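Chemist: can you look at this prediction? I've put the sequence above it.
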Amino acid sequence: MDKPWVHIIGGGVAGLSLARELANYPNLPGTLVISDPRSAYANDKTFSFWFLESERAQLKPENELKKWTISSIAKNTIMAGNIYHYGIRSAGNFYTEAIQKIDGHPMMKRKEEMLTKKPSAQFVFDSRPPNIKEHLITQSFYGTEVKLSEPHNLIHAGLMDDLESTKTGIRFRYALPLSEDRLLVEYTEFSTRPANLEALKILNHAWLEQQFADKFIELRMEAAHIPMGFKIETPHLGIPIGTRGGMTRAATGYGFSTMQHWASATAKALVSGQPPRQYPSSFLFSQMDGLLLQLIAKRPDVVPSIFEHLAEHLSGDQFAQFMMQTRLSDAIRVILSSPKKPFILAALGLSSWI
């Protein structure tokens, strides 16, 4: 394993996805190493994404929903995808598939270690989680997966329910039916500082008890602080990938699908002898996301109405494309569909005039 061909720093979604895709090739140009400090992987996350039928085999959704909701105290909007469905995949399922492929390849090795300097390899990819302090907004969430003693009768993905502003950002409930008697419920906050996870946990349990009394058992929990939107230039130990490389949508946090497509294309390029490229972020999306994050930071009271407006004026498919940062035309369409005043004043640095 002297001087590997590829060295991946960090065994998160992006790093494991690239290694898994390369593991599909029996004969690689050289060896591959993944360095990650964790000793084991737990089912600690849920990956959600919109997908086309042509993407099913690649993204492997375990559950899917055709409709989703965005609601506040005053308004409830149900959206439906025509060509896009909302897919759900557990971290445990993803990790198991990736690690089995990686560990089964004779030219790949996982190392339990934390690197602080660039390793010696022909190609180095840096997927370490960015520092929360380097970002504009933090997405904090606490979720609980439960099994009920009777059907919950929920048929839509509660994407952003009970959407409201707080003193430092916005908060909403996220509810995913996993089967007729299993449910994942998360309270999420986008804020200028990491939210109190214990407070989100209390909200989570209070809603479950209000809806289902004591007719459920907790199967597992998941909680995290996720950085959104770079505030300062971040140094890298190689080609930045994953959240560090701008593969998650700054304003929404969706990135699983983007990482899977990137990993497949990059693995193909590497094996064919082409140099890998950094993920190209869209200028329009970056600008629009930056303005939205500014509004969350400075005028969170207007943000719920912006999402409500988008839900009302975009089709389900257009909304899905916007949330996942798919094409330049999506950015233009959303800009034209958005309420203009908040974004224009934010761009001029006049958020207080809204």
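Modeler: Received the coordinates, thanks.

Chemist: mind listing the strands for the stretch 151-300 of the chain?
Modeler: Applying DSSP state E, counting those that start in this stretch to the stretch 151-300 of the chain gives strands spanning 157-165, 169-179, 182-191, 216-230, 239-240.

Chemist: would you list these in TSV and tack on mean pLDDT, mean neighbour count and distance to Ser264?
Modeler: All C-beta atoms are positioned from the backbone trio N, CA, C, and that covers glycine. Listed next are those as TSV, based on pLDDT from 0 to 100; neighbours: other Cβ atoms under 10 Å; distance: least, Cβ to Cβ, whole Å:
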stretch	mean pLDDT	mean neighbour count	distance to Ser264
strand 157-165	95	20	26
strand 169-179	96	20	26
strand 182-191	96	23	27
strand 216-230	91	17	24
strand 239-240	94	20	16
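
Chemist: quick check: which of those is nearest to Glu62?
Modeler: strand 169-179 (8.1 Å; Cβ to Cβ).

Chemist: quick one: the closest one to strand 182-191, angle?
Modeler: With axes from the mean of the first three to the mean of the last three Cα atoms, to 10 degrees defining the directions, strand 169-179 sits at 170 degrees from strand 182-191.

Chemist: so which of the strands of the stretch 151-300 of the chain gets nearest Gly290?
Modeler: strand 216-230 (6.5 Å).

Chemist: Phe94: which of the strands of the stretch 151-300 of the chain is closest?
Modeler: That would be strand 216-230 among the strands of the stretch 151-300 of the chain, by Cβ to Cβ, at 13.5 Å.

Chemist: how about the strands of the stretch 151-300 of the chain, which one is nearest Lys3?
Modeler: Across the strands of the stretch 151-300 of the chain, closest to Lys3 is strand 239-240 (Cβ to Cβ), at 17.2 Å.

Chemist: what segments of the stretch 51-200 of the chain are helices?
Modeler: Here the stretch 51-200 of the chain has its helices, by DSSP state H, counting those that start in this stretch, at 56-59, 91-103, 197-212.

Chemist: so can I have JSON lines of these showing mean neighbour count, mean pLDDT and distance to Gly12?
Modeler: Formatted as JSON lines, the helices of the stretch 51-200 of the chain follow (neighbours: other Cβ atoms under 10 Å; pLDDT from 0 to 100; distance: least, Cβ to Cβ, whole Å):
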{"stretch": "helix 56-59", "mean neighbour count": "13", "mean pLDDT": "96", "distance to Gly12": "17"}
{"stretch": "helix 91-103", "mean neighbour count": "17", "mean pLDDT": "96", "distance to Gly12": "10"}
{"stretch": "helix 197-212", "mean neighbour count": "15", "mean pLDDT": "96", "distance to Gly12": "20"}
